[in-house]
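Asker: kindly generate the corresponding structure for this input.
(2 chains)
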Amino acid sequence: MRWPKLWWKRRAAFERDLADELAFHLEARAEDLARSGIPALDARRRARLEFGGLDRWKEACRETRPFRPLDELRADLRYGLRALRKSPAFTFVAVFSLAIGIGVNTAIFSLIDGLWLRPMAAGGGGEIVRLFTTSPENRQGLFSWDEYRQIQTQARTFSTAVAIGSRGVRMARPDGTLELTSINVVSTDFFDTLGIHPALGRLFSAGDEPALAARPVVVLGQSFWQRRFGGDPSIVGRQIRLEHTGDHLVTVAGILSGDFRAIDADGDRDLWMPPQTYAALGGAADFDTHSFRWFRLLARMRPGIPVRSAGAEAATIAARWAAAWPDTNRGRGVSVISDLEYRMRAAGTTALVLAGVVLLVAILSAVNVANLLLARAAARVREFSIRLAIGAGRARIARQMLTESALLGAAGLAAGILLGYAIVVLLPSILGSPPGYHSTARFQLDSRVFLFGALLAAATTLLFGLVPSFSASRTALNAHLTERSSGGPRARLGARQWLIAAQVAMALTLVSLAAVLVASFVRTRSADLGMARCELLLEWCADSGSGPAVREAIERLRALPGVEDVALAIRAPLSPEEQGTAQRVAFPGRPEKPGAAPLEIFYNAISSNYLDVTGIAVVRGRGFSEADQTTGPPVALISETMAARYWPGQDAVGKTIRIGDPPGTEHRIVGVVRDVPFNNLSDPPLPYLYLPWWRADPGEVTFVIHTRQRAATLAAAARQTLIAIDRRLDPFTIATEAELIRYSALQYELTAELLSILGAIALALTAIGLYGVVAWSVTRRTREIGIRMALGATPRQALALVLRQTAAIGTVGLAFGLPMALAATRLARSLLYGTVPWDPMLLALALAVLAAALLLAGFLPARRATAIDPMRALRAE
Amino acid sequence: MPPDADLLPGTLDLLILKAVSLGPLHGYGVLLRIGQISGGALNIEQGALYPALYRLEQQALLHSEWGVSENNRRAKYYRLTPSGRKRLRAETESWNRLVSAMGAALSARPGEA
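Answerer: Next comes the predicted model:
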């Protein structure tokens, strides 16, 4: 930045030389005059008079300078700053409006960007795609290791394919106790394919495979390294003891870099290891079972090959599998979509509605500022007339206005970025993380977010700056010098009224949306979930250990103070685990359709008291007895939805089903129970199956502890009890059912909160705008109202006169706003829980709130009209 | 900047170039020299001189530097650049053509048309 400094210097030298040169002229002239006999003092005066207006000629000299535009800009900026300082209230409201528009937008942009859009930290090469197995029940299924290897070796459209499987292992603490860590088992070419670099040490690659089998390695995630090892760099190269079904010393190869954003928003894992390491920890069986699908697949396309042809190739591979392994792959396809498309789909309606809403807020704030500037321009017509009269160009005045707008825009941008930053810092604590897990969502204001804010500020400045700028430059030269305070073109108020009406329409849209979303959130608090909302502590152990240990755990947990009862299950309703486990189910006497995918139904294995403890009601038949858990003929419970789907119009109790790989064991259905939400409150009810826990022996267990006091208070004590019995019973996640319900409803809570805040902001901005317009028009009509009152109008009639304007603006705004509100709530219908988008009560409420706010904003300044003293008003002119 | 009422538009520049062509001058000197060479017949508004000087310098027709005046004061002196000299010649020629054409036109009598 050399030349601006040069410009400053040159400018100062120019001013000095100009002053010196003219001073010399005046002195020399005065001397000549003195020589001709005029007294010295008079001579000086004469010299000045002959010269003419010194400042005028100086200005004319300055205009010859090549950097004139910069000089003028500087003058504009100084003048603009002074003008803004002189009206602090206007400046504050304008900057505040802008800051809200920009701040909210940058924050939401960074949220959408962070959760969904930020592409993986992937280097160059072909496009990245995601692969899924598809079945009628699940469009985004996982792959088994076997299937992954086949795709990796057979698919020609990909240059490479990588697999990621999420698991948990225990890590030994220095004191010998165990700590549960989340891991990603990734294929050895994972890091190279996605262009991921280490922050420290090295990552493993496909070339390391021979060495990896002999010497297991692990890579630490950045946040785990910070949290667990305090960011100590000497950990690289050291060994840590990890334990799964076996245990092993594992060398820390390196640390992942912090800017690596994992595969999905939830992918900030503690440890990353190659399959060889996981096998060394005793996980070899997880690779060998052909039907055990636990890997997500990503692939890089060969350059120039469209995703479509990869999809076609994947389909032929899936067909080959169906022929080779009919039991596990019949009716199962493979789909390929681009990573970007996957992210856009995941973002879905929520991102769309959020983006639309904050854009509306941005427009609202821009309109507000435009309105303020218009009012200000109208108030400054006298000033502009004077400046025009003494020779300022119209373009110059327009530019002056634009400069002031740009100053406001810059101040608004700065304040908005600060506000956005504050929101972004607070976001993670608002968003929360699944109970029992570390927070994984990360948001940051980077250059892209900043650029977005700057573009927004520039767009708003142009939008709101140009209009008043044009109208100011159109000011008639003499109109306002003669007309005085009652002057001003009528059309100006018309434009402002339309702007306010537009604000009213947008505010109604946001307030209606807020009302519907809040109602939907309230529903999540009170809706019937099919289970009791009671205090349940959930301690999930990935390894249930031995039967006697579980029995002892139940006894000891029951003995804890405040514990009512303890039940067992694989999982509790709404557990944040991605998918539950399913069982093959067949119906005796109903042959499966050839070629159709084998029927798999999600199931839970439960102890006999589970239904009582959770309050899931038995609709028909009975629950499990203690005898069912051990001896007698195999029995099962099914959900209402399963009964309705497979035995429509019949009593399912007493029917039999076959469970397990063909031919399967015959189970008799002894009861039908209420549907409960599976992963999410909003999930449609699924066919669901319950088996006795002790018989199913699932290998994992959730202790469901019903407590009298708040369940969370017992979490630590319960964990200590479990560890004391068997180290393998160290719970992987600890949560309460209330937390799970709240977390599952978090998106409703979050959108309801956000929309309430944004709706309130919109309401406030609109009220400010209306207040300004009404106050201004009361001031302008003081004389008219004075005459009316002198002619006998009562204060009430004067008030009505002014309020009529408010009513007109409000009616037009609400009339336009209603269809907008209906469209918005309809668009947001997929974000609603147990609420219809067009609820007449809620819409009426939103209308009433708007109308009340408008009447108040219009009434306060209108009251001034009633206080007008006719004599004073007339004399004032 | 309004031209002096007594001067035709554009003539001030030509007069300045002419005055400076006779030797380096400071601004006040230009004023005096024009008064002198025109026999005091041309009335120049003093202030108008400077924007014209600045403009001519900006067009590289004049060059300026600080020097010392006859009564020992710091003053800015202007002299003609080569392109200024060329411009003076061209402007003088076109002025003469204009004057003779105008003269011929204005001295025409009714019978000659």
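Asker: report all helices and strands that the strand or helix carrying A:Leu426 contacts.
Answerer: A:Leu426 is part of helix A:394-431, with elements assigned from DSSP states H and E. Judged by 3 or more Cβ pairs under 8 Å, 6 or more residues apart in numbering or on different chains; DSSP states H and E, helix A:394-431 is in contact with helix A:68-86, helix A:88-112, helix A:339-379, helix A:381-389, helix A:447-473, helix A:746-780. C-betas here are computed from N, CA, C, even on glycine.
Asker: quick one: the longest one to chain centroid distance?
Answerer: Counting by Cα atoms, centre = their mean, to the nearest Å, helix A:339-379 is centred 14 Å from the centre of its parent chain.
Asker: the spatially most central residue of chain B in helix, strand or coil?
Answerer: Taking Cα atoms, centre = their mean, the centroid of chain B lies closest to B:Leu15, which sits 1.6 Å from it. In three-state terms, and counting by DSSP: H, G, I helix; E, B strand; the rest coil, B:Leu15 is helix.
Asker: need the residues of chain A near chain B, please.
Answerer: A:17-18, A:20-22, A:24-25, A:27-29, A:31, A:50-54, A:56-57, A:60-61, A:63-66 (Cβ under 8 Å from any Cβ of the partner chain).
Asker: hmm, try it at 6 Å
Answerer: For chain A, the contact set with chain B under Cβ under 6 Å from any Cβ of the partner chain comprises A:21, A:24-25, A:28, A:50-52, A:57, A:60-61, A:64.
Asker: quick revisit: quick check: buried residues in the helix holding A:Leu426?
Answerer: Residues A:394, A:397-417, A:419-421, A:423-424, A:427, A:431 are the ones in helix A:394-431 that count as buried (16 or more other Cβ atoms under 10 Å in any protein chain shown).
Asker: closest residue of the stretch 701-850 of chain A to chain B?
Answerer: A:Arg780 (38.9 Å; Cβ to the nearest Cβ).
Asker: I'd say A:Val219 and A:Gly254 touch.
Answerer: Yes - applying Cβ atoms under 6 Å as the test, A:Val219 and A:Gly254 come out as touching, 5.3 Å apart.
Asker: common neighbours of these two, please.
Answerer: Residues touching both A:Val219 and A:Gly254 by Cβ atoms under 6 Å, 6 or more residues apart in numbering or on different chains: A:Leu203.
Asker: of these two, who's got more company?
Answerer: Neighbour count, other Cβ atoms under 10 Å in any protein chain shown: between A:Val219 and A:Gly254, A:Val219 has more, with 27 against 23.
Asker: quick one, what contacts the more buried one?
Answerer: A:203, A:253-254, A:256, A:272.
Asker: ok, the residues you listed vs chain B, which is closest?
Answerer: Chain B lies nearest to A:Leu256 out of these, by Cβ to the nearest Cβ, at 62.3 Å.
Asker: bridging residues for the closest one?
Answerer: Beta-bridge partners recorded for A:Leu256 (DSSP bridges): A:Pro198.
Asker: before we move on, back to that, show me how far the helix holding A:Leu426 is from its chain's centre.
Answerer: Centroid displacement of helix A:394-431 relative to its chain, using Cα atoms, centre = their mean, is 21 Å.
Asker: residues in contact with the strand or helix carrying B:Gly84: which ones?
Answerer: Assigned by DSSP H and E, B:Gly84 belongs to helix B:82-106. By Cβ under 6 Å, 6+ apart, the residues outside helix B:82-106 that reach it are B:14, B:17, B:21, B:60-62.
Asker: before we move on, what about stretch A:719-738?
Answerer: For stretch A:719-738, contacts defined as Cβ under 6 Å, 6+ apart pick out A:168, A:178, A:180, A:435-436, A:536-543, A:545, A:549, A:552-553, A:556-557, A:711-712, A:715.
Asker: mind listing which of those are in helices?
Answerer: Counting by DSSP state H, these place A:549, A:552-553, A:556-557, A:715 in helices.
Asker: out of the residues you listed, which comes closest to A:Ser575?
Answerer: A:Ala715 (15.7 Å; Cβ to Cβ).
Asker: ok, the closest one - how many residues close by?
Answerer: 19.
Asker: and what of A:Ser546?
Answerer: For A:Ser546, the count of nearby residues is 12 (other Cβ under 10 Å).
Asker: residue contacts, A:Val774?
Answerer: A:Val774 neighbours (Cβ under 6 Å, 6+ apart): A:806, A:858, A:861-862.
Asker: please report how far it lies from A:Pro795.
Answerer: Noted for A:Val774: a distance of 16 Å to A:Pro795, by Cβ to Cβ, to the nearest Å.
Asker: buried ones from the contacts of helix B:82-106, can you make that a ChimeraX selection?
Answerer: A single ChimeraX command selects the buried members of the contacts of helix B:82-106 (16+ other Cβ under 10 Å):
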select /B:14,17,61,62
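Asker: how about the contacts of helix B:82-106, which pair is most distant?
Answerer: Maximum pairwise distance in the contacts of helix B:82-106, criterion Cβ to Cβ, is 16.6 Å, between B:Leu14 and B:Ala60.
Asker: for the stretch 451-600 of chain A, which segments count as strands?
Answerer: A:536-541, A:563-569, A:582-586, A:600-606 (DSSP state E, counting those that start in this stretch).
Asker: most tightly surrounded among those?
Answerer: Counting by mean count of other Cβ atoms under 10 Å in any protein chain shown, strand A:536-541 has the highest mean neighbour count of the strands of the stretch 451-600 of chain A, with a mean of 26.
Asker: what helices and strands are in contact with it?
Answerer: strand A:701-707, strand A:733-736 (3 or more Cβ pairs under 6 Å, 6 or more residues apart in numbering or on different chains; DSSP states H and E).
Asker: quick one: average pLDDT of the shortest one?
Answerer: Averaging the model's pLDDT scores along strand A:733-736 yields 84.
Asker: parallel or antiparallel, which strands does it pair with?
Answerer: Sheet pairing of strand A:733-736 (DSSP bridges) gives strand A:536-541 (antiparallel).
Asker: tilt between the partner strand and strand A:563-569?
Answerer: 40 degrees (axes from the mean of the first three to the mean of the last three Cα atoms, to 10 degrees).
Asker: pull the helix or strand with minimum mean pLDDT from chain A.
Answerer: Here the helix or strand of chain A ranked lowest by mean pLDDT, DSSP states H and E is helix A:479-483, holding a mean of 48.
Asker: quick check: end-to-end length of stretch A:136-150?
Answerer: End-to-end distance for stretch A:136-150, by Cα to Cα, to the nearest Å: 23 Å.
Asker: can you give me the buried ones in it?
Answerer: Applying 16+ other Cβ under 10 Å to stretch A:136-150 flags A:140-148, A:150 as buried.
Asker: on that earlier part again, contact partners for the residue nearest to the centre of chain B?
Answerer: B:Ile34.
Asker: for chain B, what lies in contact range of chain A?
Answerer: Contact residues (Cβ under 6 Å from any Cβ) of chain B with chain A: B:1, B:27-28, B:45-47, B:50-51, B:54-55, B:58, B:75-76.
Asker: buried subset of these?
Answerer: In those, burial by neighbour count holds for B:27-28, B:45-47, B:50-51, B:54-55, B:75-76, counting by 16+ other Cβ under 10 Å.
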